[in-house]
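Novice: A structural model of the following input is requested.
(one chain, ligands or ions: 1)
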Amino acid sequence: MKVQRILPTEESAELLGLVREIAAGELAPRVADFEAAHEFPREIVRTLGKAGLLSLPYPEEYGGGGQPYEVYLQALEEIAYHWFAVAEAVNVHNLACFGTATYGTRAQREELLPDMLGGELLGAYCLSEAEAGSDVASLSTQVVREEDGYRITGTKSWVTHAGHADFYNVFGRTGGPGARGLSCLVVPGSAPGLVVHAKERKLGVWSSPTAQVGFEDVRVPAQRLIGREGKGFLIAMGALDCGRLGIAACAVGIAQAAADYAVRYAKERRQFGQRVISFQGVGFMLADMATQIAAARALTLAAARLKDAGRPYSLEAAKAKLFATDMAMKVTTDAVQVLGGAGYVADHPVERWMREAKLLQIVEGTNQIQRMVISQGLG
Ligand SMILES: Cc1cc2nc3c(=O)[nH]c(=O)nc-3n(C[C@H](O)[C@H](O)[C@H](O)COP(=O)(O)OP(=O)(O)OC[C@H]3O[C@@H](n4cnc5c(N)ncnc54)[C@H](O)[C@@H]3O)c2cc1C
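Specialist: Numbers count the residues shown, from 1 in each chain. Here you go, the predicted structure:
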């Protein structure tokens, strides 16, 4: 990947160099085997955690990397370039830490964050349910106050890291119907009553486990409620604003990988006595891919810089997620086209990138939901 990056400090430029080295040296050689085996690379994720790469945007005071979002996202892009499922693990872990880091009391941050950000533990984010996907405010998981804590009953769908997570950031209903009745709790993976269902059989991203998780009268102490009762929706949406930027960065990484591969192939493959890149139909397709990727990267980093400056950025995050993921779908599809028949078989990774790009248009708010958010914010 030959990307000219402008980073805010020398230190962040060095950090990016380190991430690139780890991603190319440790991740790239393993992705095909883990994907084929449908196996989650828990030890590899732990190694990233120990190198501080699981908690880059969180405060150093609690063991995070203290990096601005624009740096974190570029690191995530480098990881996604080599192995999207690992970048997704980093993104989901960061979603799961958001509530405690942003809305936790000082006591909760001091107690929970050092472990969450320390690199050993992995988080999951449990918002979606079978009957509450885009319309999460209608979710039905019940959270009942008891004398010494809370009891959680319900089933969460599509939980990334199900069965592997050490803690689950769970959203449930403590109050009446609608967004105001929701609350956010941190549940340890070992809690009695937490039941992991069978793994989903997905179109792609096979090395990332996804499953339903049941909460069968799971009890947690009162200190595991993050923020106040009724603040759950606000926390969930705040986490998704950050996560959407993460998804946009992953989309840029996947698209860049596909475009680089397609360029290399088109420079080697010869038909009609010429390299296929010299046919304008192919060369222009590659030119459009390069341009769209650059535009998506710029949009994503512009939104991140707003966040870093403490300015409102939700709408810009929605635009970045929408544009970058639609771009990744188009670019990866075109990369398959550039390779011809070779693009359609697993001997080359472009078909995998195309399957992975499809997921990005769906998660953390489908692209229809992003358009809804953006259109409601116009004017
Ligand atoms: C592999 C994978 C991993 C995931 N990981 C997680 C996770 O870790 N944690 C988590 O909480 N969730 C996770 N999800 C869930 C994901 O966020 C949801 O799938 C997504 O939000 C969409 O919800 P849904 O699937 O119920 O679709 P639905 O909401 O049922 O939508 C169906 C269709 O209707 C459209 N639609 C819905 N409402 C509107 C509207 N108002 N206007 C226009 N169109 C609309 C949608 O865009 C979509 O095309 C994951 C999903 C997948 C596939």
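Novice: Could you list which residues are in contact with the nearest residue to Ala132 once chain neighbours are set aside?
Specialist: Excluding the flanking residues, the one nearest Ala132 by Cβ to Cβ, 6 or more residues apart in numbering is Leu139, at 4.0 Å. (Each C-beta comes from the backbone N, C-alpha and C, glycine too.) Each residue near Leu139 by Cβ atoms under 8 Å, 6 or more residues apart in numbering is listed here: 127, 129, 132, 154, 171-173, 182.
Novice: and which of those is nearest the ligand?
Specialist: Comparing the contacts of Leu139 against the ligand with Cβ to the nearest ligand atom places Leu127 closest, at 3.5 Å.
Novice: And the pLDDT at the closest one?
Specialist: Looking at Leu127, its pLDDT reads 98.
Novice: One more: Lys2?
Specialist: 79.
Novice: Pull the CA coordinates from stretch 186-198 and hand them back as PDB.
Specialist: Listed next in PDB are the C-alpha coordinates belonging to stretch 186-198 (Å, rounded to 0.1, in the frame of the first residue of the first chain):
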ATOM      1  CA  VAL A 186     -21.000  -4.600  31.600                       C
ATOM      2  CA  VAL A 187     -21.400  -8.300  32.000                       C
ATOM      3  CA  PRO A 188     -18.400 -10.700  32.500                       C
ATOM      4  CA  GLY A 189     -18.100 -13.500  30.000                       C
ATOM      5  CA  SER A 190     -18.100 -16.000  32.800                       C
ATOM      6  CA  ALA A 191     -21.400 -14.800  34.300                       C
ATOM      7  CA  PRO A 192     -23.700 -17.800  35.100                       C
ATOM      8  CA  GLY A 193     -26.700 -17.800  32.700                       C
ATOM      9  CA  LEU A 194     -24.800 -16.300  29.800                       C
ATOM     10  CA  VAL A 195     -25.300 -18.800  27.000                       C
ATOM     11  CA  VAL A 196     -23.600 -18.700  23.600                       C
ATOM     12  CA  HIS A 197     -25.700 -20.200  20.800                       C
ATOM     13  CA  ALA A 198     -24.400 -21.900  17.600                       C
END
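Novice: which other residues reach that stretch?
Specialist: Residues outside stretch 186-198 that contact it (Cβ under 8 Å, 6+ apart): 99-100, 112, 152, 155, 162-163, 165-170, 211-220, 224, 226.
Novice: excluding its backbone neighbours, what's nearest the single nearest residue of the chain relative to the ligand?
Specialist: Using Cβ to the nearest ligand atom, the single residue of the chain nearest to the ligand is Gly133, 1.7 Å away. Distance criterion Cβ to Cβ, 6+ apart; nearest residue to Gly133, sequence neighbours excluded, is Ser157 at 7.6 Å.
Novice: Quick one: mean pLDDT over the host helix or strand of the one you found.
Specialist: Using DSSP states H and E, Ser157 sits within strand 149-160. Averaging pLDDT along strand 149-160 gives 98.
Novice: Out of the contacts of Leu139, name the ones that lie in strands.
Specialist: Judged by DSSP state E, these include 154, 171-173, 182 as members of strands.
Novice: Help me confirm that Glu35 comes into contact with Lys202.
Specialist: No: using Cβ atoms under 8 Å, Glu35 is not in contact with Lys202; the gap is 11.1 Å.
Novice: between these two, which one's more packed in?
Specialist: For Glu35 versus Lys202, neighbours defined as other Cβ atoms under 10 Å are more numerous around Glu35 (23 against 15).
Novice: For that one, list the residues it contacts.
Specialist: 85, 206-207, 352.
Novice: Please flag which of those sit within helices.
Specialist: Judged by DSSP state H, the contacts of Glu35 include 85, 352 as members of helices.
Novice: any weak-confidence spans in the stretch 101-250 of the chain?
Specialist: Applying pLDDT under 70 to the stretch 101-250 of the chain picks out no residues at all.
Novice: all helices for it, in order.
Specialist: Here the stretch 101-250 of the chain has its helices, by DSSP state H, counting those that start in this stretch, at 106-117, 232-268.
Novice: Other residues contacting the helix or strand that the last one is followed by?
Specialist: Okay, so that is helix 232-268. For helix 232-268, the following helix or strand on the C-terminal side (DSSP H and E) is strand 270-271. With contacts defined as Cβ under 8 Å, 6+ apart, strand 270-271 is touched by Val276.
Novice: Can you give the distance from strand 270-271 to the centre of its chain?
Specialist: How far strand 270-271 lies from its chain's middle: 39 Å, per Cα atoms, centre = their mean, to the nearest Å.
Novice: and the stretch 51-200 of the chain, which residues reach the ligand?
Specialist: Applying Cβ under 6 Å from any ligand atom, we find that the stretch 51-200 of the chain lies next to the ligand at 92, 125-128, 133-134, 158-160.
Novice: can we see that at 8 Å?
Specialist: The stretch 51-200 of the chain has residues 92, 95, 124-128, 130, 132-136, 156-161, 200 near the ligand, with proximity defined as Cβ under 8 Å from any ligand atom.
Novice: quick one, domains of the chain?
Specialist: 10-117, 123-230, 234-376 (automatic domain parsing).
Novice: hmm, the last one touching the ligand?
Specialist: Yes: part of domain 234-376 sits close enough to the ligand to count as contact by Cβ under 8 Å from any ligand atom, namely 359, 362-369, 371-372.
Novice: so how far is that domain off the chain centroid?
Specialist: Taking Cα atoms, centre = their mean, one finds the center of domain 234-376 at 14 Å from the center of the full chain.
Novice: And stretch 228-245, by the same measure?
Specialist: Distance of stretch 228-245 from the chain centroid (Cα atoms, centre = their mean) equals 15 Å.
Novice: Buried residues, it. List them.
Specialist: 229, 231-245 (16 or more other Cβ atoms under 10 Å).
Novice: swap in stretch 193-201?
Specialist: In terms of neighbour count (16+ other Cβ under 10 Å), stretch 193-201 has its buried residues at 194, 196.
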